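K.L.:
Fold the following.
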Amino acid sequence: GYLMRDPELQNRISSKYNLTFPDFPSFDRRATKATLVQKMGSHDILNLYFARLSPFFLSVLATGVPVRFTWSNDKTNGEFIGYVSHVEVATERAIERGSTIVCVGATYVLKERASKIWQNKTASQVAYEIIKSAKLTPVVTPHDTQFDNLSLAGHSYWEKLNEIAERIGYAVQGIGSTVHFHPLD
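P.N.:
Residues are numbered from 1 along each chain as shown. Below you'll find the model as predicted:
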């Protein structure tokens, strides 16, 4: 099977890493601390803490700005592709006036809600279509459970993807800009 990341993996990344904001090639600051939080069925979250960050970068690193973060240590390496969610700035009274740039993984685009109905499609076909529609790369293990009618009403694409996975004993995980849809075992 495919290697799914640890369900509750929280990586404190102290090793070699490279952080870029493709829209701002001149950004060359190193984060004081970088933490990547990964949970099965959730969007990856990357927290970048900077002890000091110029007002200019604080002002341009707005919601939706693309971010790319690659890292490696003696055991493993990986890539996080996503977007700035928001910037948390410590209050004026704080002794250390650092800023944390909170980024969400590329799967975050699947949080959109829409009205859509799939007819006579298998679970895998629907998963493939959902992932593809978000311009992400689907890596899907075929499953032949077919649904006569599957409606997205009241759900986000991400919720629907997880719901379908649950119904057939599968799991969903975003890795970089790919989304995996495979049996749990």
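
K.L.:
ok, the spatially most central residue of the chain - contacts?
P.N.:
Nearest residue to the geometric centre of the chain (Cα atoms, centre = their mean): Gly105, 2.1 Å. For Gly105, the contacting residues are 43-46, 80-82, 174, by Cβ atoms under 8 Å, 6 or more residues apart in numbering. Any C-beta I mention is one placed from the backbone N, CA and C, and that applies to glycine too.

K.L.:
got the contact list for Ser156?
P.N.:
Here Ser156 is in contact with 110-113 (Cβ under 8 Å, 6+ apart).

K.L.:
6 Å instead?
P.N.:
Counting by Cβ atoms under 6 Å, 6 or more residues apart in numbering, Ser156 makes contact with 111, 113.

K.L.:
repeat for Ser115
P.N.:
Contacts of Ser115 (Cβ under 6 Å, 6+ apart): Ala153.

K.L.:
wait, Lys33 sits on Tyr49?
P.N.:
Yes - here Lys33 reaches Tyr49: they are 4.2 Å apart, a contact under Cβ atoms under 6 Å.

K.L.:
Neighbour count: those two, which is higher?
P.N.:
Neighbour count, other Cβ atoms under 10 Å: between Lys33 and Tyr49, Tyr49 has more, with 18 against 14.

K.L.:
looking at this, that one is in a strand?
P.N.:
Yes - using DSSP: H, G, I helix; E, B strand; the rest coil, the assignment for Tyr49 is a strand.

K.L.:
Strands along this structure, start to end?
P.N.:
Ranges of strands in the chain, per DSSP state E, are 10-12, 16-20, 33-37, 45-50, 66-72, 77-89, 99-105, 117-122, 137-140, 146-151, 170-175, 178-183.

K.L.:
out of these, nearest to Trp158?
P.N.:
Closest approach to Trp158 among these (Cβ to Cβ): strand 170-175, 8.1 Å.

K.L.:
Who are the packing partners of the closest one?
P.N.:
Packing partners of strand 170-175 (3 or more Cβ pairs under 6 Å, 6 or more residues apart in numbering; DSSP states H and E): helix 157-167, strand 178-183.

K.L.:
deepest of those, which one?
P.N.:
strand 178-183 (a mean of 20; mean count of other Cβ atoms under 10 Å).

K.L.:
mind listing what that one pairs with, with the direction of each?
P.N.:
According to DSSP bridges, strand 178-183 forms sheet pairs with strand 137-140 (parallel), strand 170-175 (antiparallel).

K.L.:
so of those, which one's packed in deepest?
P.N.:
strand 170-175 (a mean of 23).

K.L.:
Other residues contacting that one?
P.N.:
With Cβ under 6 Å, 6+ apart as the criterion, strand 170-175 contacts 4, 40, 105, 107, 161-162, 165, 180-181, 183-184.
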